[in-house]
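Enquirer: let's see this in three dimensions:
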Amino acid sequence: MTNEETTFADLGVHPAITAILDRKEITKPTPIQAQSIPALLQRQDVLGIAQTGTGKTLAFLLPVLQLMLTQEPDKRKRFEQVLIMVPTRELAYQVKETMMWFEKEFRIFSTVIVGGESIGKQIKEVKRGVQVLIATPGRMIDHLQQGTIKLRNTNTVILDEADRMFDMGFAPQIARVFEYLPSAEERHTLLFSATMPDSVVRLIREQMKEPVRIEVSVQGSTNADVSQEIVVLDNAHRQDALLELLNGTDDAALVFSRTKHQAKKLRQFLKDKGFKAEELHGNLSQAQRKRAIEAVQKKRSRILVATDVAGRGIDIPHIGLVINYELPDNPEDYVHRIGRTGRAGRTGRAVSFVLTDQQDLLQQVQRLINDQIAQTHLETVPTAQLQQGRGRSGGGGYRGNNRGSRPFRSGASRARSGSRPSFSSGGSRSGGSRSGGGRRSFSSGGGNRSRAPRRDA
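Expert: Take a look at the predicted model:
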């Protein structure tokens, strides 16, 4: 059976769950879902390598919910059974939004535990009783140290976008959280990541038991539905290039900058030019960030200017254009940035501005994605060429793992009423394919970067 013919029922997903998916017009599993769900229903630890926008949230939520619902009634009511850790507030609320599809009908409830929100309100939510915690590492540690959250009942741990959490400096907090959890043999551990740096490999070796590796795309690869281009220019012409790109499309656009100051400055520049634009960065409150995202989601604004940290977890399906106003310091952020477009089967375009002395930084990006990015020319911007042998990173350069050289490829109000559906306990049907999975041994090679967590998440 091909991927296109596979249904959620074929994977062993319960009819009560598929009925909710049908109402959301989700009828065919994505590759990461088709390969992950059967293994997770068998309670195997899973390491999933997939790009952003490939359906990872449902890949772990569906089997985890089904396993909870097939427990004995007394076990089903236990609180704090599942911990989902994510790098940013935006991604946490995105997972919560999907979780809410199922909460009322199944009477399995969740809460979001993130910084920037009232810790007192979070304590009240936990005391009311929730089975699923969706958290960022820093705030979770705050609760664990205060004793306001206990993880003794936690039997499932999910790390989503693990590479990003480590890059943001959350390794010490993640290690501390695992100290409060049952042992690897006593819990079900799931890890999803777009890339596989040494720090993540080390976590796999220490905290997972013989994980099934499911790789639906080569780590560091990009979405084939996203066309990638670079514009080589001088710093003085970046604003002109930005205006030409935005004037050339009616699509919603996401503009990435390195700093909060630059994001704020760019948003004001665009407003002065008559564009409806929003900004998204760590200096905003959670309410302000939510309003900014909703303005673009509901098409009241067309442009969102964001930093990497705040931009992680943005899910706006109609974004057709991503502009890297500045190349990221970390090439792995490039993969995640352009993953904000070309989602859910749509096509997208990603254009990156490269200064003439940023050849080294561009090569680091191309080495990671194992591809060359085509140069395009704009009418309002003088044609420029990269300066050979020079490589100003524009912000410290990439300090990640040394991957060595690889050849380039050519080419461009919560309701708790209602009855819960009846689920029978026992194993699931063994459907779908786990090709690309299989058990592998993991070896560590190299140290983890040591830096303080970036608190603007």
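Enquirer: what's the closest non-adjacent residue to residue 129?
Expert: residue 79 (5.2 Å; C-beta to C-beta, 6 or more residues apart in numbering). Heads up, the C-betas are built off the backbone N, CA and C, glycines and all.
Enquirer: hmm, the one you found is touching residue 127, no?
Expert: No - look at residue 79 against residue 127 with C-beta atoms under 8 Å: they stay out of range, at 9.4 Å.
Enquirer: and the residue nearest to residue 129, what does it touch?
Expert: When contacts are counted by C-beta atoms under 8 Å, 6 or more residues apart in numbering, residue 79 touches 126, 129-131, 153.
Enquirer: helices along the stretch 51-200 of the chain, start to end?
Expert: Assigned by DSSP state H, counting those that start in this stretch, the stretch 51-200 of the chain shows helices spanning 56-69, 73-76, 89-106, 119-128, 137-146, 162-167, 171-179, 198-207.
Enquirer: can I see the domain layout of this protein?
Expert: 15-215, 226-375 (automatic domain parsing).
Enquirer: adding distance to residue 9, write the ones you listed out as a markdown table.
Expert: Conversion of the domains of the chain to a markdown table gives the following (distance: least, C-beta to C-beta, whole Å):
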| stretch | distance to residue 9 |
| --- | --- |
| domain 15-215 | 6 |
| domain 226-375 | 21 |
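Enquirer: these: which one's closest to residue 7?
Expert: domain 15-215 (6.9 Å; C-beta to C-beta).
Enquirer: and the residue lying farthest from the centre of the chain, what's its pLDDT?
Expert: Residue farthest from the centre of the chain, counting by C-alpha atoms, centre = their mean, is residue 382 at 36.1 Å. With respect to pLDDT, residue 382 scores 92.
Enquirer: what about it, which helix or strand?
Expert: Assigned by DSSP states H and E, residue 382 belongs to neither a helix nor a strand.
Enquirer: was I right about it contacting residue 241?
Expert: No - with contacts counted by C-beta under 8 Å, residue 382 stays clear of residue 241, the gap being 10.3 Å.
Enquirer: what do those two both touch?
Expert: With C-beta under 8 Å, 6+ apart, residue 382 and residue 241 have common neighbours residue 233.
Enquirer: circling back to that earlier point, looking at the contacts of residue 79, spot the one nearest residue 30.
Expert: residue 131 (25.4 Å).
Enquirer: residues contacting that closest one?
Expert: Per C-beta under 8 Å, 6+ apart, neighbours of residue 131: 68, 78-82, 108-110.
Enquirer: ok, now residue 385?
Expert: By C-beta under 8 Å, 6+ apart, the neighbours of residue 385 are 232, 356.
Enquirer: which pLDDT value does the model give it?
Expert: The model's pLDDT for residue 385 equals 87.
Enquirer: returning to what we had before: residues contacting the residue farthest from the centre of the chain?
Expert: Applying C-beta under 8 Å, 6+ apart, the residues contacting residue 382 are 233-234, 237.
Enquirer: which residues of the protein fall in strands?
Expert: 46-49, 82-85, 110-113, 132-135, 156-160, 188-193, 212-215, 226-233, 252-256, 277-280, 303-306, 319-324, 348-355, 374-375 (DSSP state E).
Enquirer: apart from its chain neighbours, what residue comes closest to residue 281?
Expert: Nearest to residue 281 is residue 260, by C-beta to C-beta, 6+ apart, at 4.0 Å.
Enquirer: err, residue 164, not the other one
Expert: residue 87 (4.4 Å).
Enquirer: bridging residues for residue 322?
Expert: Counting by DSSP bridges, residue 322 forms beta bridges with residue 254, residue 350.
Enquirer: what is the burial count for it?
Expert: Neighbouring residues of residue 322 were enumerated by other C-beta atoms under 10 Å; the total is 23.
Enquirer: next one: residue 327
Expert: 26.
Enquirer: quick one: the closest residue to it other than its chain neighbours from residue 333, how far?
Expert: Leaving aside its sequence neighbours, residue 327 sits nearest to residue 361 (C-beta to C-beta, 6+ apart; 5.3 Å). As judged by C-beta to C-beta, to the nearest Å, residue 361 and residue 333 stand 12 Å apart.
Enquirer: Throw the domains of the chain into TSV and include distance to residue 388 and mean pLDDT, thanks.
Expert: As requested, the domains of the chain are exported to TSV (distance: least, C-beta to C-beta, whole Å; pLDDT from 0 to 100):
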stretch	distance to residue 388	mean pLDDT
domain 15-215	28	90
domain 226-375	7	90
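Enquirer: what's the closest non-adjacent residue to residue 232?
Expert: residue 384 (4.7 Å).
Enquirer: give the contact list for that neighbour.
Expert: Applying C-beta under 8 Å, 6+ apart, we find residue 384 in contact with 232-234, 356.
Enquirer: can you pick out the most distant pair from the residues you listed?
Expert: The most widely separated members of the contacts of residue 384 are 232 and 234, with 9.0 Å between them, by C-beta to C-beta.
Enquirer: between the two, which contacts overlap?
Expert: Common neighbours of residue 232 and residue 234 (C-beta under 8 Å, 6+ apart) are 355-356, 384.
Enquirer: these into CSV, with extra columns for distance to residue 184?
Expert: Converted to CSV, the shared contacts of residue 232 and residue 234 look like this (distance: C-beta to C-beta, whole Å):
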residue, distance to residue 184
355, 46
356, 50
384, 52
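Enquirer: picking that back up, tell me how far the residue nearest to residue 164 lies from residue 161.
Expert: Distance from residue 87 to residue 161, by C-beta to C-beta: 5 Å.
Enquirer: among these two, which residue is more densely surrounded?
Expert: Using other C-beta under 10 Å, the more surrounded residue of residue 87 and residue 161 is residue 87, with 27 against 24.
Enquirer: surely the more buried one and residue 136 touch.
Expert: Yes - judged on C-beta under 8 Å, residue 87 makes contact with residue 136 at a distance of 6.8 Å.
Enquirer: what sits against the nearest residue in space to residue 57 that is not next to it in sequence?
Expert: Using C-beta to C-beta, 6+ apart and skipping the chain neighbours, the partner closest in space to residue 57 is residue 98 (5.1 Å). By C-beta under 8 Å, 6+ apart, the residues touching residue 98 are 57-58, 61.
Enquirer: try residue 160
Expert: Counted by C-beta under 8 Å, 6+ apart, residue 160 has contacts 56-57, 60, 84-86, 91, 95, 192.
Enquirer: same list, those, but as TSV with neighbour count and distance to residue 50 please.
Expert: Listed next are those as TSV, based on neighbours: other C-beta atoms under 10 Å; distance: C-beta to C-beta, whole Å:
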residue	neighbour count	distance to residue 50
56	25	6
57	21	11
60	26	11
84	26	16
85	24	17
86	29	15
91	24	15
95	22	15
192	25	7
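Enquirer: nothing else from me, thank you.
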